[in-house]
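K.L.:
I would like the atomic coordinates for the input below:
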Amino acid sequence: MSRAYCISGVLFLFCAFVLLFLVSISLPYFQAMDITRVHATGQFSSGSQTITELRLGIWGYCIDENSGRTCYNTGHGYSLTLQNSQGGQVTIGSSWTRGLAVHPVATALAFIALVMSFSQHITITLVSSLVYFLTALLTGIAFAIDIVLYAYVTYEMGNLTSNESIITRPGPGW
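P.N.:
Numbering: from 1, shown residues only. As a prediction, this is how the structure comes out:
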């Protein structure tokens, strides 16, 4: 079989690797790539800071205030407590953000599959296909984790809503 048939697969694998890499560096390092965004037109806060937008990423979160954006590099499995102006409080625990670490694992597997796909040996090419299948499976699991986190944050932000208008949207890191 000619290697010309494999070029499209290698190109798709390269694109998947690049996109997974961009998502894996996420907040706070790459501020445009977050998982979930919360827009608030009313007043809710994290401690003493009044928040207009909250962005949740893999390695941390960013808070937009009237004075600017502050990002917190909290690492893997962070937790966050928010409260509204009436004293209602919501905690997004580390158990909800811990699963986001699947993204870098899928990125590493995509890189391994990409390197192996350049081999001329048929056995290594077949193993590359298996690694690529595992990458696709982990990427699907990571997407499911993103959806669950988004649904949980939407539900919890609904508990904070009284007079304020809080809108939760998925970020571009999906």
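K.L.:
could I get the CA-only coordinates of the strand or helix carrying Ala110 as CSV?
P.N.:
Using DSSP states H and E, Ala110 sits in helix 102-116. These are the backbone C-alpha positions of helix 102-116, laid out as CSV (Å, rounded to 0.1, in the frame of the first residue of the first chain):
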residue,chain,number,x,y,z
VAL,A,102,-7.1,14.5,30.8
HIS,A,103,-6.4,17.1,28.1
PRO,A,104,-2.6,17.1,28.5
VAL,A,105,-2.5,13.3,28.6
ALA,A,106,-4.5,13.2,25.3
THR,A,107,-2.0,15.7,23.9
ALA,A,108,1.0,13.5,24.9
LEU,A,109,-0.7,10.5,23.3
ALA,A,110,-1.4,12.5,20.1
PHE,A,111,2.2,13.5,19.9
ILE,A,112,3.4,9.9,20.3
ALA,A,113,1.0,8.8,17.6
LEU,A,114,2.1,11.6,15.3
VAL,A,115,5.8,10.7,15.7
MET,A,116,5.1,7.0,15.2
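K.L.:
list of residues touching it?
P.N.:
Helix 102-116 is contacted from outside by 10, 13-14, 16-17, 20-21, 23-24, 26, 58, 124-125, 127-129, 131-132, 134-135, 138-139, 141-142, 145, using CB atoms under 8 Å, 6 or more residues apart in numbering. C-betas here are computed from N, CA, C, even on glycine.
K.L.:
longest helix of the chain?
P.N.:
helix 122-160 (DSSP state H).
K.L.:
spatially central residue in this structure, please.
P.N.:
Centroid check for the chain by CA atoms, centre = their mean gives Ile35 as the closest residue, at 4.0 Å.
K.L.:
is it true that that one touches Gly60?
P.N.:
No. Counting by CB atoms under 8 Å, Gly60 is not a contact partner of Ile35; they are 11.1 Å apart.
K.L.:
counting neighbours, what do you get for the nearest residue to Gly93 once chain neighbours are set aside?
P.N.:
Excluding its sequence neighbours, the residue lying closest to Gly93 (CB to CB, 6 or more residues apart in numbering) is Ser79, at 4.9 Å. By the measure other CB atoms under 10 Å, the count of residues near Ser79 is 14.
K.L.:
ok, His39 next?
P.N.:
Neighbourhood size, His39 [other CB under 10 Å]: 16.
K.L.:
kindly report the same for Leu11.
P.N.:
The tally of other residues near Leu11 (other CB under 10 Å) stands at 10.
K.L.:
that one is in what secondary structure piece?
P.N.:
Leu11 belongs to helix 7-29 when elements are defined using DSSP H and E.
K.L.:
now what about that helix, what contacts it?
P.N.:
Against helix 7-29 from outside (CB under 8 Å, 6+ apart): 30, 33-35, 55-62, 71-73, 103-104, 106-107, 110-111, 113-114, 117-118, 132, 135, 139, 173.
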